[in-house]
Every structure is written in C-alpha cells, then in structure tokens.
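Following is a predicted model, sequence given first.
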Amino acid sequence: MQTLLIATEESHIFLRLVNGGSQTLDSIKDFVGRIFADVFCRKPNFDLVDQRISEHSGILPCALQDMIETVGDQCQLRTKNWFSQRKGCNNKGDSQPVFNVLDTMLKDSLDRLKMMRECCISWAHVGSSFCSLETNYTQHVSIIRTLCLEGKPGAAIWLKNKMIHNDVIPDVITHNYIVNALCKAGELKKADWIVSEMSYWGPSPNCATYNTLMKGYCLVDDVDRALDLFSTMGNRGVMPNRVTCNVLVHALCKKGLLEDALNLLEEILDDNFFDKENSNLITSTILMDGYFKSGDTMQALIFWNDMIQRGSQMDVIAYNVAIHGFCLSQDVTVAYQYLSEMLKSGFLPDAFTYNTLISALCKDGRTDEACYIHSVMSRMGVSPDQISYKMLITSLCIQGYVMKASEFLLSMLESSIVPEPVIWNALIDGYGRAGDTEKALSIRDQMAEFGVVPNIFTYNILIHALIKEGKIVEAHSLKKEMLSNGLFPDLVTYNLLVGAACGNGDIRSALQLHDEILRRGYNPDIVTYTELIKCYSMKGKVMEAEKLFANIRRSGLPIDHVPFLILMKKYCKRGDLNMAFDLYQVWCIMDFISHTTTHLFILAVNAVERMKQLYCIDMVTGHSIGCSLWTGSHGGFAGLLVPTRTLELAA
DNA sequence: ATAGCACCAT
C-alpha cells in the first residue's frame, strides 16, 4: 500500500490516495481531476499541486517520489495512516513523521472538503443546483435541518453562514437544530459559540436552545456548566420549563446524585409555573430509573406507586424502566410480572422491553430462555435488532454453542442486517475457543466479504486462538497482516505474543517483542512483565525474575497478585520457606488478598500445607498464614469465577 | 415540532 498527499485548488484541499499500482504524475492528476469534478463540478488548479510536491520533495527523500510512481488505477480515498510496505523503500521510518506533520496541517482542509461534499450531497437531494444563489429560504433551511439530523453540523454551519452572507437569517428553530447537532457530536465549544452568536446577533436563543446546550454539557459530563447555564438563563429572559428540569434531573441521576436531583426538582418546581402535584410522568420515570440503578429498589417502587396513585397514564418507557430495574436486582421473575401487567394495561412491549429481558437472561446464563424471548419478539412483530443479536450471539459463543450462534448470524443476514464487528468477533472467538482456528479465519473472511472491516479485536481474538493452538508462526504472520491493513498491533497483541514466546520458554523472542513494544511507543504493562517473570521463573532463572519483579515494584506500575503468585509457587516448589514468607508479608501489606480468587486461594493454602510438610514449621508462622487466608472477608470467595489471567498464569 | 425518560458493548 502506498500513500500520497496531494494539494489541490485554492482552498488547500488535500486528497490522500492509496493504491498498489505504478502510475505517473499525469494519471494522478487525472484521478484527482475526476474526483474534483465530481465534488465541485470544476477543474482543480494543479499549479498548486506541483508547487506543494516540490515544496516537500526536500523533506520527503524517497517516499513521495516513490509514491508518485506507484499511484495507480484502484485509487481510493482513505484517511488512515499507512506504512509503506514496498521493499526497497528504506526510509519508511523517516517518512512517517513527515506524514504526521502534514496530517496535522491538512486536517482542517480535509474537514472542509468533507463538509462541502456533504453539503453538495444534501443539496442534490432537493434537486437544487449547487452553484445557484437563487435558492429560496425554505429550501436552505430544510437542507440545514436535514444536515443536522444526519449528524453533519459542519456542512450545516457552512450553509448557514452562506445564507447570512446573503442577508438571510435562518430562524431560531433552525439554529437549534445546529446547536443540537453540535452537542450530539460533542462539539460543545462550537455549540456554545453559536448560542453566543445568537444572543448577540439574533435570533435570540429560546428555552429549547438552552435545554439543548445544557443536555450537550451533560453528555460530556460537565453538569456544572449545565447548572451554570440553568442559573443564568433566567437573567437572559428565558424561563426554564419542564424539559429543562428533566435534562438536569436526568444528568444528576446519572451521576448518582439522587439527593441533588430531588433538591433541584423542588427548587425548580417552587420557582416555576408548572404545578408540583401533577408532576410529570417523564420526571418520575427518570427518578425511578435513577433509584433502580443506584440499587435502591424500594425507593424506586415508591415512585412507581406514586405515579399509579396520582393516576398518571403510564407509558411503555415507564414499564421498561421498571422491568429493567427488576432485572438489575436479579429478579427476572418480578420483571416478568411487570411485563404481564404491562400487557394487561394494553401496552405492547417494544424492542427495549425484549432486549432488557434478553440481556438479563443472558447475564444469568439462561441463554435458551433468551432465545425463546427472541422468538416471541419476532412473532409479536418486533424485529430483533443489532442489540438483540449482539447479546444472544456473544452469550451463545461464551457458552460454547457456536453452531447456534452462527445460525443467528445467518438470520441477521437474511433480515438484511449487517452485523457489527463485535458480533463477528464474538463468533470468531467462539470458534477459536472451540479450537477451530480454520473456521475462525474463514468467518473473518466472510466478515470482510460483507464489507465489515476487521478491527483490532478481530485480530487479537484470532491471534489468541492461534496461540492457544500452538500456531505461533501463524499468529506472527497475522500481526504482519494487520499492519498491511493499516491496523497497528496494540499492547494486547504484544502481550499475547510475549505470552506465547514465554510459554515456549523462548525468552529471547519475548525480550525482542518487549523492545518492539517500546519502539512503538507503548508502555509494557503488568501483564507483559508478569509473562517475562513467569518465563524466567520457568527457566529456573529465579534471580532474573526477582530482579524484574523488584524493578516493577520500584517503577510504581500498578501491580496485581499474579506475579506474587508465580514467585510464591516457585519458592514453595523449591521449599524456600524464608523467601516465601517474606513475599507473603509484602503480599499482605499490598493488600492483594482482596483480589484473591478461589483458585489462588487453594494454591496458597496448598503451598502452606506443603511448606508445613517440608519444614514442619512452627505453628505460629504456619498458622498465621493459613488463618489469615481462611478468615475474614476471604471466606466468601468460593463461588467466584476465576479470572482467565490467574488461571493461565498460575496453572 | 426545535429540547426531556428505557436496551448492548469483544
């Protein structure tokens, strides 16, 4: 794969082209020209192209020239970074920083291009000419609103400015659409700016404007700023309404500040026109949801009963919240009761209702029952969506029912739903766990055929599966493959490979990988080091293991119990009581007992037993170890699941 | 009709 940046036209638009062929500069120009004509109905100015290329030719010793030669037919627009894979290009290390600098410079230009292109597309929708200035107000406004609903605020603002430039001011509702789109995109600075502009130039913000902006701040977890706005909007002549109240109460509930939510509610209700008694169903639903989620089922039920008593006409959402609430408190039976209540009251369950139940059943390991709900859902005319299938397929795969899971995937495809990457990944993992790496790889291919791009999880899952089957060479070639697809191995990838090398006792490869991690700019974590410690310890190089262990502790890296366990096991095996006991003391000081699981527990006790056998140790020491492990809060571990990491490393 | 509540997540 090759990368090329091209500058075109006075607006400094850069296109990045990727391909693997070999072409001349003219063919590049031809290609860019065609793209440009598509987008702008105009020819690009190539003088600038040539100028840019020559400007950068000094700092791009071979990369750019190489790439100019190799841009070919199957050009496609890409935005990712690609490393040069072509042999003979020795300076690939040098070219990347240059691209990074260029990328930064060009980002804005690319955004601009995107925005203009989006605008063109929406313009085409209404059958209006892009270049015509005589488009009427209604059409412009309608395009802006459409763009906002499609999540393209940049293009919408561009068009809004164009209107204002022509002395036509969009109304407040259209402005609100823009503020809303910006908030949904997390662009709070821009949203805030638009609202300031509105205050200054008009149209004056209304209550919906402030509500939208407040909601935006809440979405980025800046509830304080939202509350600020709330307290100042009155001064600007806009009174809060019920929606304002719901936005803020919801935000506070989400933060777990239920008391604050109630207080605020009181305050708003006291100060405002809407009456307290006939409190709104939505507000109550929000609060009920908040209490359910905080684990206070009793208080949640008080809200529910209040709502009933007040004679509020319930709605599907209120029922869904209650059903979800009981699922949270692991009371699916009660959830079912509320479901039947819901049906009796004449409300039809929707996708939320069914998905809530499916989720609870899957988490409870009752996958067959979840499948039953899926069938009910379909028969009731509610189409299962990505979420329904996601839960069912992952749950089935975890439980080992991969065949059943792939049937569900098939029915998704039959319903013309293209599964999200996570669903494919679950299935790939399912086959990997079953030891069928071939099938796992073929699912990956199938995924790609459906146009779903394998992501870092896909590769890590595959690499994990291959390593588990001892196919380390294949795992490494998969790592190469991800690079050629523009995906960089992450720390998980490396830890898998380090683990594989260590498992083979191949400390040299493990250390090489460790260096590669550093070269890539990642920081090895506790998993990486634990693998290395395990490897040293396995090879009998206990001194090396101890040295590394001491280094980790000195480095201040967050540490867990696994390295302790490895060394402890080693000492116990060697019958090195003193070292084992010292380590145990450190272990207690660092409070890892609370992280201990059943498995570790048994191992440690076995170790103590073994030490007793070997050394006939005095009862005080031996007893104290055994005792502190068996008593206190640690007695309750029997039912806990053992994390994979403990099993794999400690086994 | 511009703003408010519910489901998932390798």
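The structure has been received and is ready for your questions. Note that this is a predicted model, so its numbers are computed, not measured. Residues are numbered from 1 along each chain as shown, chains lettered A, B, ... in the order given.

thinking residue A:568 is in contact with residue A:581, fair?
No. The pair residue A:568 / residue A:581 is not scored as a contact, 10.0 Å apart, by C-beta atoms under 8 Å. (Glycine included, C-beta is placed from N, CA and C.)

the more surrounded of those two?
Neighbour totals were compared for residue A:568 and residue A:581, and residue A:568 leads with 22 against 17 (other C-beta atoms under 10 Å).

Quick check: which element contains that one?
Counting by DSSP states H and E, the element that carries residue A:568 is helix A:562-574.

same question, residue A:326
Per DSSP H and E, residue A:326 falls inside helix A:316-328.

my read is residue A:517 is in a strand, agree?
No. Assessed with DSSP: H, G, I helix; E, B strand; the rest coil, residue A:517 is helix; it does not lie in a strand.

ok, it to residue A:436 distance?
The gap separating residue A:517 from residue A:436 is 30 Å, by C-beta to C-beta, to the nearest Å.

Tell me which of those two has more neighbours.
Taking other C-beta under 10 Å, residue A:517 and residue A:436 do not tie; residue A:517 has more neighbours (22 against 16).

Pretty sure the more buried one sits against residue A:527.
No. Contact status for residue A:517 versus residue A:527: not in contact, 11.2 Å apart, counting by C-beta under 8 Å.

so what sits against both of those two?
Common contact partners of residue A:517 and residue A:527 (C-beta atoms under 8 Å, 6 or more residues apart in numbering): residue A:491.

Up against DNA strand B, what does the stretch 101-250 of chain A have?
Selection of the stretch 101-250 of chain A residues close to DNA strand B by C-beta under 7 Å from any atom of the strand yields A:172-173, A:176-177, A:180, A:206-209, A:211-212, A:215, A:241-244, A:246-247, A:250.

what's around residue A:315, how many residues?
14.

Point to the helix or strand of chain A where mean pLDDT is at its lowest.
Lowest by mean pLDDT, DSSP states H and E among the helices and strands of chain A is helix A:63-70, with a mean of 27.

Report pLDDT for residue A:377.
For residue A:377, the pLDDT comes out at 93.

who touches it in this structure?
Contacts here follow C-beta under 8 Å, 6+ apart; on that basis residue A:377 touches A:351, A:354, A:383-384, A:388.

Farthest-apart pair in the residues you listed, please.
Largest separation among the contacts of residue A:377 by C-beta to C-beta: A:354 and A:383, giving 10.1 Å.

Looking at those two, which one has more neighbours?
Higher neighbour count among residue A:354 and residue A:383: residue A:354, with 25 against 10, using other C-beta under 10 Å.

any idea how far residue A:238 is from the residue of the stretch 1-150 of chain A found nearest DNA strand B?
Nearest residue of the stretch 1-150 of chain A to DNA strand B: residue A:145, at 7.1 Å (C-beta to the nearest atom of the strand). According to C-beta to C-beta, residue A:145 stands 22 Å off from residue A:238.

and if you look at residue A:284?
Counting by C-beta to C-beta, the gap from residue A:284 to residue A:238 is 25 Å.

got it, and residue A:295?
37 Å.

neighbour count winner among those two?
For residue A:295 versus residue A:238, the count of surrounding residues by other C-beta under 10 Å is larger for residue A:238: 18 against 12.

And the next helix or strand past the helix or strand containing residue A:336?
Using DSSP H and E, residue A:336 sits within helix A:332-344. Later in the chain than helix A:332-344, the nearest helix or strand by DSSP H and E is helix A:351-363.

ok, back up a step: in ChimeraX, how would I select just the buried ones from the residues of the stretch 101-250 of chain A next to DNA strand B?
Of those, the buried ones can be selected in ChimeraX as follows, counting by 16 or more other C-beta atoms under 10 Å:
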select /A:172,176,177,180,206,207,208,209,211,212,215,241,242,243,244,246,247,250
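
Can you list the residue ranges for strands in chain A?
Using DSSP state E, the strands found in chain A span residues A:2-8, A:13-19, A:76-77.

Alongside DNA strand B, which residues does the stretch 451-600 of chain A contribute?
Contact residues, the stretch 451-600 of chain A versus DNA strand B (C-beta under 7 Å from any atom of the strand): A:455, A:457-458, A:461.

thought residue A:353 was touching residue A:317?
No. Using C-beta under 8 Å, residue A:353 is not in contact with residue A:317, being 9.8 Å away.

More neighbours: which of the two?
Neighbour tally, residue A:353 and residue A:317, criterion other C-beta under 10 Å: the higher count belongs to residue A:353, 25 against 17.

Tell me the pLDDT of the more buried one.
Looking at residue A:353, the pLDDT reads 94.

Pull the number of nearby residues for the closest residue to it other than its chain neighbours.
Nearest in space to residue A:353, with sequence neighbours left out and distances taken as C-beta to C-beta, 6 or more residues apart in numbering, is residue A:320 at 5.4 Å. Look at residue A:320: counted by other C-beta under 10 Å, it has 24 neighbours.

Kindly report the domain assignment for chain A.
Domains of chain A are assigned by automatic domain parsing as A:2-122, A:490-559, A:564-650.

where among the ones you listed is the average confidence lowest?
Of all the domains of chain A, domain A:2-122 has the smallest average pLDDT, which comes to a mean of 39.

on that earlier part again, how about residues contacting the helix holding residue A:326?
Applying C-beta under 8 Å, 6+ apart, the contact partners of helix A:316-328 are A:281, A:284-285, A:288-289, A:292-293, A:295, A:297, A:300, A:304, A:307, A:332, A:334-335, A:338-339, A:341-342, A:345, A:347-350, A:352-353, A:356-357, A:359-360.

could you flag which of these are buried?
A:281, A:284-285, A:288-289, A:292-293, A:297, A:300, A:304, A:307, A:332, A:334-335, A:338-339, A:342, A:347, A:349, A:352-353, A:356-357, A:359-360.

okay but residue A:180 is in contact with residue A:212, surely?
Yes. Here residue A:180 reaches residue A:212: they are 4.9 Å apart, a contact under C-beta under 8 Å.

Quick check: residue A:465 vs DNA strand B, distance?
From residue A:465 across to DNA strand B, the span is 12 Å (C-beta to the nearest atom of the strand, to the nearest Å).

And residue A:533, by the same measure?
For residue A:533 relative to DNA strand B (C-beta to the nearest atom of the strand), the value is 25 Å.

What is the neighbour count of that residue?
Residue A:533 has 28 neighbouring residues, counting by other C-beta under 10 Å.

residues in contact with it?
Taking C-beta under 8 Å, 6+ apart as the test, what residue A:533 contacts is A:545, A:548-549, A:563, A:566-567.

Setting aside sequence-adjacent positions, which residue approaches it most closely?
Distances taken as C-beta to C-beta, 6+ apart put residue A:545 closest to residue A:533, at 4.7 Å, once the chain neighbours are dropped.

Now do the helices in the stretch 151-300 of chain A.
Secondary structure of the stretch 151-300 of chain A, counting by DSSP state H, counting those that start in this stretch: helices at A:153-165, A:172-184, A:188-201, A:207-219, A:223-233, A:242-254, A:258-271, A:281-293, A:297-309.

will you turn the ones you listed into a markdown table that also has mean pLDDT?
Listed next are the helices of the stretch 151-300 of chain A as a markdown table, based on pLDDT from 0 to 100:
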| stretch | mean pLDDT |
| --- | --- |
| helix A:153-165 | 89 |
| helix A:172-184 | 94 |
| helix A:188-201 | 91 |
| helix A:207-219 | 93 |
| helix A:223-233 | 87 |
| helix A:242-254 | 88 |
| helix A:258-271 | 72 |
| helix A:281-293 | 89 |
| helix A:297-309 | 86 |
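
which one of those lies closest to residue A:405?
Closest among these, once you apply C-beta to C-beta, is helix A:281-293, at 29.6 Å.
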